[in-house]
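K.L.:
output the structure for:
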Amino acid sequence: MPPLVSADTRLLILGSFPGLASLKAQQYYGHPQNQFWKILQAIWPLDAMGMGYEAHSEWLLSKKLGLWDVYASCEREGSLDTSIRNAVLNNFTLLDKLCPRLEAIAHNGGESFKHSRHTMQTGLPVYKLPSTSPANASWSFERKLAAWREVFEKHGLS
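P.N.:
Numbering: from 1, shown residues only. Below you'll find the predicted structure:
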């Protein structure tokens, strides 16, 4: 999926690769059990009732947040990151042109963070956030939210 960014993006969240539900819907974090959108709504209160993906995307961009994945393509059976094979990384050198105001990159989960050496080459601060995936059940919602909020606050996005 293409990056969801604007020239005003200050913080970029990098996932690994969209799961089956997200690919089918062509939406970042499209699985109803993924806590990504719920975390954003806890940081930036919003009455999201009836909001579709396009409105959520515009809202996210208006908050100077962007989304992308570390992998441009991969082979995977199912949606688990542990099943990813033959992955090809996205070209992070494009970030200068896509997001000239970018201040930091945050990896959503361990699989994405495995490639932090590539994102660190941007010279920007790079963070590892707890995965919002339903597979990350060892972290409570409150604990995930606190970690995400801390990074957002560091970059004036709270």
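K.L.:
in the helix or strand bottoming out on mean pLDDT in the chain, what counts as buried?
P.N.:
The helix or strand of the chain with the lowest confidence, counting by mean pLDDT, DSSP states H and E, is helix 20-25 at a mean of 80. Across helix 20-25, burial judged by 16 or more other C-beta atoms under 10 Å covers Ser22. Backbone N, C-alpha and C define where each C-beta goes, glycine included.
K.L.:
which helix runs longest in the protein?
P.N.:
For the chain, the longest helix by residue count, based on DSSP state H, is helix 141-154.
K.L.:
counting by contacts, list what it packs against.
P.N.:
Here helix 141-154 touches helix 36-43, strand 104-108, strand 126-129, going by 3 or more C-beta pairs under 8 Å, 6 or more residues apart in numbering; DSSP states H and E.
K.L.:
mind listing what's buried along that helix?
P.N.:
By neighbour count on 16+ other C-beta under 10 Å, the buried set for helix 141-154 is 144-145, 147-148, 151-152.
K.L.:
which of the residues you listed lies closest to Leu94?
P.N.:
Minimum distance to Leu94 across the buried residues of helix 141-154 is 22.3 Å, recorded for Val151 (C-beta to C-beta).
K.L.:
can you give me the helices in this protein?
P.N.:
20-25, 36-43, 53-62, 95-98, 110-113, 116-120, 141-154.
K.L.:
from the chain's centre, how far out does the fourth one sit?
P.N.:
In this view, helix 95-98 has its centroid 17 Å away from the chain centroid, taken as C-alpha atoms, centre = their mean, to the nearest Å.
K.L.:
and for the first one?
P.N.:
A distance of 15 Å separates the centroid of the chain from that of helix 20-25, by C-alpha atoms, centre = their mean.
K.L.:
as a whole number, average confidence for stretch 30-41?
P.N.:
Average pLDDT, stretch 30-41: 91.
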